[in-house]
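**Student:** Predicted model and sequence follow; I will ask about them next.
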Amino acid sequence: MQQGNPQSRAWVVPAVVLGLVALMLAMVFLLRGGSSEQTGPQEPAGTNGAGQTDPDQDGADEGSSAAGPEAGDGTTQEPGVQGPPARVEGPEQPETEGVERRDADELLAAGPVDAPVVLVVFSDYQCPFCAQWSAETLPVMMEYVDAGDLRIEWRDVNVFGEESERAARASYAAALQGGFWEYHEALFPDGQIRSHRELSEGGLTELAVAEGLDEEQFAADLNAPETAEEIDRNAQLGLDLGAYSTPTFILDGQPIIGAQPTEVFTDAVEAALAAATG
């Protein structure tokens with residue numbers, strides 16, 4: 001029988017070994033690829049990645065209290081979904097001239113009209129991140145207000161629809177009795193949004209009575225054309241700016257998108273104060 005070339009046979013074992021090694025490496029690669037899903041923090045449904053709520057996204061938890069439109073980097077999402085806020089859709093540097101009213105007769109404001117710094121807040125009473133900001137950061141901002149260094153002007157853009165608009169009218173009706181900030185806080189109990197029933201006309205009236213407001217006057221002001229006109233004016237101001245998501249802020253003419261950490265706002269106020277006094 002003819003014998004094979006000894007040199008050719010010498011390559012057989014190394015070739016087999018190399019083939020097995022290549023096969024094992026391929027299997028390891030495939031196994032790693034199959035388990036290499038993203039492990040970083042995931043944005044909750046309805047958020048836009050910047051602490052804002054997005055009213056256009058669905059998926060509120062069963063039993064959630066409200067729902068609303070979508071935003072992009074720090075604003076409101078569908079109520080009941082927890083997570084960071086959303087962003088404002090629109091120009092990167094919106095035209096902010098005229099946003100500060102500094103009106104001495106303004107009912108939805110706190111702080112002196114000649115304060116060196118003004119913070120304009122665009123919010124929605126069905127926005128979970130607005131509730132969060134009101135509970136965590138607004139009290140700190142009020143310390144600057146009490147010191148005479150800051151004025152806060154509140155504007156509801158009502159991106160979540162009818163219930164948001166009704167709650168905004170209710171807050172204005174409370175303001176007509178000198179109870180805006182107390183009623184505002186009651187609309188965001190413990191940094192949470194209220195249920196659909198609580199944002200009905202009956203629920204809002206019950207809340208007004210619980211806050212010590214005159215029920216008859218509150219009901220009349222809630223449905224007054226003048227109230228609706230003022231709420232529409234405030235909402236249009238936000239929409240003209242491009243604040244389609246909440247919360248959105250204009251501090252000393254500069255936009256801040258979403259319910260950012262409190263330090264972001266304190267740093268911005270301090271910088272604006274330094275610029276105003278320097």
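**Tutor:** Great, that's in hand.
**Student:** How many neighbouring residues does His184 have?
**Tutor:** His184 is flanked by 21 other residues according to other CB atoms under 10 Å. Where you see a C-beta, it was placed from the backbone N, CA and C, and this is true even at glycine.
**Student:** from what I can see it touches Ser134, true?
**Tutor:** Yes. Taking contacts as CB atoms under 8 Å, His184 lies within contact range of Ser134: 7.2 Å.
**Student:** which residues of the chain fall in helices?
**Tutor:** Secondary structure of the chain by DSSP state H: the helices cover 6-9, 12-34, 128-136, 138-146, 162-175, 180-187, 201-210, 215-222, 225-241, 262-277.
**Student:** Let's test this: mean pLDDT of the second one, rounded?
**Tutor:** Right, the one you point to is helix 12-34. Helix 12-34 carries an average pLDDT of 52.
**Student:** Who are the contact partners of Glu201?
**Tutor:** 166, 222 (CB atoms under 8 Å, 6 or more residues apart in numbering).
**Student:** Next: Phe218.
**Tutor:** Listed by CB under 8 Å, 6+ apart, the contact partners of Phe218 are 170, 173-174, 177, 205, 208-209.
**Student:** what about the closest residue to Arg151 other than its chain neighbours, how many residues close to it?
**Tutor:** Leaving aside its sequence neighbours, Arg151 sits nearest to Gly111 (CB to CB, 6 or more residues apart in numbering; 3.4 Å). For Gly111, the count of nearby residues is 22 (other CB under 10 Å).
**Student:** pretty sure Gly111 contacts Ala147?
**Tutor:** No. The criterion here is CB under 8 Å, and Gly111 misses it with Ala147 at 9.3 Å.
**Student:** how far away is the residue nearest to Arg151 from Asp232?
**Tutor:** Between Gly111 and Asp232 the distance is 24 Å, computed by CB to CB, to the nearest Å.
**Student:** same deal with Ala272?
**Tutor:** 30 Å.
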